[in-house]
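[1] Got a predicted structure here, sequence first:
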Amino acid sequence: MTRPTTATLTTRARTAPLAGTAPLAGTAPLARTAPLAGTATLARTATLLAALALPSCVGTTGGDLVTFDAFAQGPEDAVAGQPYTFVTSRGYEVTLTRAVLHIGALYLNRSRPTSVGADTSCFLPGLYVGEVTEGTDIDLLSPDLQPFPIEGAGTTERARAAEVWLFGGGDINAPTDPTPILDVAGTAEKDGVQYPFDGLITISQNRAIPPPSAAQPGANPICKQRIVSPIPVDLTITDGQRLLLRIDPRGLFRNVRFADLPLSPTDPTSRHFDDSGQDPASDALYDGLRSAAGTYSFRFKE
């Protein structure tokens, strides 16, 4: 894989995540290849330093360059290695025996819009002031700190919004991505009836939304399905801090009607979350996965 040039990265760090696609105002869109997965910390540090040094006419960030470790964890009341039980807003008592989420990247932005715009851009307005560009699998049944494989980098700017990128790496705009994003199994019970279930969610062609007309071929890009945004935060990055992302599985299942899930194709006694994008009961889990409220929360810790 050919990495982008230093000049290109310097421009990218100004207005959009290094794993994404967004042109500077008044310039042609930049060609993107892939996120900087595996890029050395030194190279990313040089990129952000160069961004800080750019003239203010193109919207520089302020503050100092910092690095930080990043971790994710499940709910505080979970016990590592044990099932996790909770009651949903629809009255189901859910016991999870497996819940693994793949996160591809994290980003922090200086601005907090009400939502991602209806235009074709997948990125928030404003400046990105923090990033973790390589992802990992997170056990949502464990409260333990689970590290991301590389350090995060950013500036000492106040962040007001965060993004969680749900993809396997490579190009966030790739039409297909076979990566298992969420893998779950367990049992739900309501009114004395038990519903064993399992499911595997991907975000690929099964989640693509056709453009509204032939005149708008770029509308509804797949990257919008893969980016959970904007997640409200109020954080100021300090060098050496730890960024903690907590994922609450209760938010994933809050609107699921387990009684309406289709039967498993391999076990007629069990329910199955259908990954086709065509089953409303199954898509309630997908909606919870992509919700910017109630599932994901960020904080910094010394």
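    Nice, thanks for sending it over.
[2] where exactly do the helices run in this structure?
    Per DSSP state H, the chain carries helices over the ranges 6-15, 41-52, 223-226, 249-253, 280-289.
[3] Comparing those helices by mean pLDDT, which bottoms out?
    With a mean of 33, helix 6-15 has the lowest mean pLDDT of these.
[4] And the pLDDT for the nearest residue to residue 159 once chain neighbours are set aside?
    Leaving aside its sequence neighbours, residue 159 sits nearest to residue 108 (C-beta to C-beta, 6 or more residues apart in numbering; 3.8 Å). For every residue, glycine as well, the C-beta is placed using N, CA and C. Reported pLDDT at residue 108 in the predicted model: 96.
[5] I figured residue 108 hits residue 131, correct?
    Yes. Counting by C-beta atoms under 8 Å, residue 108 touches residue 131, with 7.2 Å between them.
[6] shared neighbours of the two, anything?
    residue 154 (C-beta atoms under 8 Å, 6 or more residues apart in numbering).
[7] more crowded one of the two?
    residue 108 (27 against 23; other C-beta atoms under 10 Å).
[8] Relative to residue 78, how far out is residue 154?
    29 Å (C-beta to C-beta, to the nearest Å).
[9] err, residue 65, not the other one
    35 Å.
[10] between these two, which one's more packed in?
    residue 78 (23 against 19).
[11] thought that one was touching residue 144?
    No. If you go by C-beta under 8 Å, residue 78 and residue 144 don't touch, sitting 9.1 Å apart.
[12] Run a quick neighbour tally on residue 98.
    Around residue 98 there are 14 other residues, counting by other C-beta under 10 Å.
[13] so who does it touch?
    Residues near residue 98 by C-beta under 8 Å, 6+ apart: 141, 183-186, 198.
[14] Buried subset of those, written for PyMOL?
    The buried residues among the contacts of residue 98 can be selected in PyMOL (16 or more other C-beta atoms under 10 Å) with this line:
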select buried, resi 141+183+184+185+186+198
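[15] Please tabulate the contacts of residue 98 in CSV, including the columns pLDDT and distance to residue 281.
    Formatted as CSV, the contacts of residue 98 follow (pLDDT from 0 to 100; distance: C-beta to C-beta, whole Å):
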residue, pLDDT, distance to residue 281
141, 98, 23
183, 98, 18
184, 98, 14
185, 98, 17
186, 98, 16
198, 98, 14
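[16] is it possible to export the contacts of residue 98 to JSON lines including distance to residue 175?
    Listed next are those as JSON lines, based on distance: C-beta to C-beta, whole Å:
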{"residue": "141", "distance to residue 175": "32"}
{"residue": "183", "distance to residue 175": "22"}
{"residue": "184", "distance to residue 175": "25"}
{"residue": "185", "distance to residue 175": "29"}
{"residue": "186", "distance to residue 175": "32"}
{"residue": "198", "distance to residue 175": "27"}
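[17] Give me the subset of the contacts of residue 98 lying in strands.
    183-186, 198 (DSSP state E).
[18] Taking these, tell me the two that lie furthest apart.
    183 and 186 (11.4 Å; C-beta to C-beta).
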